[in-house]
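Engineer: Generate coordinates for the sequence data below:
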Amino acid sequence: MIVIDKGRESSGINNMVRLSTLVPTNRDSERETFLNALHEGRVYNPKFVYEKAKVARDFRKRYDEQLSFEYFERALHLLEQLSEDYKDERDYHEKVWGDKLEYDEANDMINKYVAENAKLEQAITVKWCMDSFVTNCSGSTVTFIKRKGYYRRQRLISLLDHEIGTHFTRTHNMNQIAPNRQKNSCKRRVKFPRVGWLLSTEEGLACLNTFKSYSDKRLFGSALLYYACCLSSKLSFYELWKKLDVYLKGDEERLWIVCMRVKRGVEDTSKPLGFYKDQATFSGAVRLLALRRSINFRHLHLCKCSVEELPAVKPFLSQIINSGNGLLPWFVETDDEYSKYMTQLDEIAKANNIGVHESSKNFRCRRIPTWAFAGSKVKAK
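Structural biologist: Below you'll find the predicted structure:
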């Protein structure tokens, strides 16, 4: 493992350029204008400018077809529960994410996590960055944020399982299957048929691997973003802010981040438009939980595919297992750990009121029917 301290954005996230096109060039000035109007009791909706307006517009539109209200009531119910149980989001962080860490403590935890697996240690590059917004994985590089008090103990443990145990592991295994693919070729370019929504499975699995070790296993953050995406399709920026304020309770920094996140790519934010990519995390987690009794989660970590594609990837799974080059995250590596992992998924499902959908083995379903969930008229198993 290589650990590099950098004060600037690392080159390891260059493939996130398309997302960067959705960042307005006048973000800071529009934030000030919006907050000034808000404090004065006036309605103002930001007018965002993008360096490449057409590129931003087209990229945002790519996710319009993914907009869904299927889990809207479920997400709203979770937000209402959590709003009653915690004073605000900071209170949630204190009680669920644990104590804040100094840089040296966080770095030591990351090094120990990676050192537990020799194959992982040889394959991964860890970078620290001051400017990145979030912890992220790109190719063989995982970038962490070097800002004072950014990480909390339990949050970092869960992020390691999210970024390294999920995103890095699945990408690494994909590269073992298709080692000769061109550097800039599509990650999905492997020789089996593509069905389902890969992003939904990828982010949904990472979400479950994040929450499995939390004391409160309700999918708070992902439910909030799913709900915000739904509202963004119907409300202006100002109206969205007011709706989310009920759950974020006056936290202007957090409100701005969430509203900006789901209004990225929109120029006139008075319009009922949004960027709906972030729905993938909650919808993916819910679908995987509903299908959990039918899924081999070791196989899902060994191959970067959607859950619908699992039956089609058996030859590639055999190839990577027989090669000895496959990488499994520690929490599904042994039979005992796998059994504990499945118990944790059951606990997450129970906390989020999700039953079991007995799917056929080919998983040919984009969405899980409502009767698959606990609390519905049909008894969940």
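Engineer: Residue 330 and residue 164 touch, don't they?
Structural biologist: No - counting by Cβ atoms under 8 Å, residue 330 does not reach residue 164; the two are 9.7 Å apart. Bear in mind the C-beta positions are built from the backbone N, C-alpha and C, glycine included.
Engineer: Have a look at these two and say which one is more surrounded.
Structural biologist: Looking at residue 330 and residue 164 with other Cβ atoms under 10 Å, you find the greater number of neighbours at residue 164, namely 25 against 15.
Engineer: now the most centrally placed residue in the chain: how far from residue 260?
Structural biologist: Centroid-nearest residue in the chain, with Cα atoms, centre = their mean: residue 203, separated by 4.4 Å. Noted for residue 203: a distance of 19 Å to residue 260, by Cβ to Cβ, to the nearest Å.
Engineer: contact partners of the host helix or strand of residue 342?
Structural biologist: Here residue 342 sits within helix 335-351, counting by DSSP states H and E. The contact list for helix 335-351 (Cβ atoms under 8 Å, 6 or more residues apart in numbering) reads 208, 211-213, 216-219, 289-290, 292, 297-298, 330-332, 354-356, 374.
Engineer: picking up where we left off before, my guess is the residue nearest to the centre of the chain contacts residue 286. True?
Structural biologist: No - Residue 203 is beyond contact range of residue 286, at 11.7 Å (criterion: Cβ under 8 Å).
Engineer: how deep is residue 113 tucked in, by neighbour count?
Structural biologist: When counting by other Cβ under 10 Å, one arrives at 20 neighbours for residue 113.
Engineer: Would you enumerate the residues in contact with it?
Structural biologist: 160, 164.
Engineer: Is it in a helix, a strand, or coil?
Structural biologist: helix (DSSP: H, G, I helix; E, B strand; the rest coil).
Engineer: One more: residue 144?
Structural biologist: strand.
Engineer: Bridged to it, which residues?
Structural biologist: The partner list for residue 144 in beta bridges (DSSP bridges) reads residue 128.
Engineer: give me the number of residues near it?
Structural biologist: Residue 144: 25 neighbours (other Cβ under 10 Å).
Engineer: Residue numbering should commence at 714 henceforth.
Structural biologist: OK, 714 is where the count begins now, so the last one is residue 857.
Engineer: Am I right that it is in contact with residue 843?
Structural biologist: No - the pair residue 857 and residue 843 does not pass the contact test of Cβ under 8 Å, sitting 10.7 Å apart.
Engineer: tell me the pLDDT at the residue in the chain sticking out farthest from the centre?
Structural biologist: Most distant from the centre of the chain: residue 753, at 35.6 Å, with distances by Cα atoms, centre = their mean. On the pLDDT scale, residue 753 is placed at 98.
Engineer: That one and residue 880: what is the separation?
Structural biologist: Separation of residue 753 from residue 880 (Cβ to Cβ) stands at 43 Å.
Engineer: can you pull out the strands in the protein?
Structural biologist: Remark: strands assigned in the chain by DSSP state E are 715-719, 838-842, 849-851, 854-858.
Engineer: pLDDT weak spots in the protein?
Structural biologist: For the chain, the stretches flagged by pLDDT under 70 are 714-730, 846, 891-908, 1070-1094.
Engineer: Can you tell me how far residue 977 is from residue 997?
Structural biologist: Using Cβ to Cβ, residue 977 is found at 20 Å from residue 997.
Engineer: With residue 749 instead?
Structural biologist: Looking at residue 749 against residue 997, where the rule is Cβ to Cβ, the gap reads 38 Å.
Engineer: higher neighbour count, the two?
Structural biologist: Ranked by neighbour count (other Cβ under 10 Å), residue 749 and residue 997 place residue 997 first, with 25 against 11.
Engineer: Leaving out chain neighbours, which residue sits closest to that one?
Structural biologist: residue 917 (2.1 Å; Cβ to Cβ, 6 or more residues apart in numbering).
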